[in-house]
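[1] Sequence first, then the predicted structure:
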Amino acid sequence: GDVYKRQALSGTVTITAGQTTATITVPVIDDADVEDLETVLLTLSSKTSGNTDVTINGAADNDTITITNNDAATITLGDETVSESDGTVTVVATLSHNVEGGVTADIVLTAGTATLTSDYAVSTASIVFSGTASETQNIVITIPEDSGVENDETLTVSLTNVSGAGTIDSSDTALVTICL
């Protein structure tokens, strides 16, 4: 994102007699995008002095300004209830904000009262967001039908190893309830 408008700024800075510093203001635009650190290169050129007794080096002086991101994204997971005879259930993961460069996360299924392989399985180990606000990814869980009479069963879906620019909260979980 462009937290600093990519444009050339120009102006004059004056360091008065007896002073050794001056302040230069660089406008920063606050956006809602989650991104890595950004940099601005500040170059001072055409330095002159009104005093003939003062010599100023003619080379341009450069300094790098680092802009820290102040935004965060959240990935939310929706709870689902499914009949065992449906065969699959889809848990929807939603990304709250734009994230520069996208986001990847590994899927974790944790047994509640359901049992891995006999009651559920997931075919994909991770999800990938391109990084667009409100983007969704589907986590499809296979629910094999069995012949036993049983109570409702549960499992929890969560995310781990989340990677992407800036801060991404992936602490939400989804409860999946499998009904007979």
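    That came through, no problem.

[2] Please tell me how far V34 sits from A174.
    22 Å (CB to CB, to the nearest Å). C-beta coordinates here come from the backbone N, C-alpha and C atoms, glycine included.

[3] Show me which of those two is the more surrounded one.
    Using other CB atoms under 10 Å as the criterion, V34 and A174 rank with V34 on top: 27 against 20.

[4] what separates that one from T12, distance-wise?
    Counting by CB to CB, the gap from V34 to T12 is 36 Å.

[5] Over to V91?
    59 Å.

[6] for V82, same thing?
    V82 is 68 Å from T12, where distance means CB to CB.

[7] So which of these two has more stuff around it?
    Neighbours were counted for V82 and for T12 using other CB under 10 Å; V82 has more, 18 against 6.

[8] so what's that one up against?
    T88, V89, I143, V176, T177, I178, C179 (CB atoms under 8 Å, 6 or more residues apart in numbering).

[9] Check the secondary structure at it for me.
    Secondary structure assignment for V82 (DSSP: H, G, I helix; E, B strand; the rest coil): strand.
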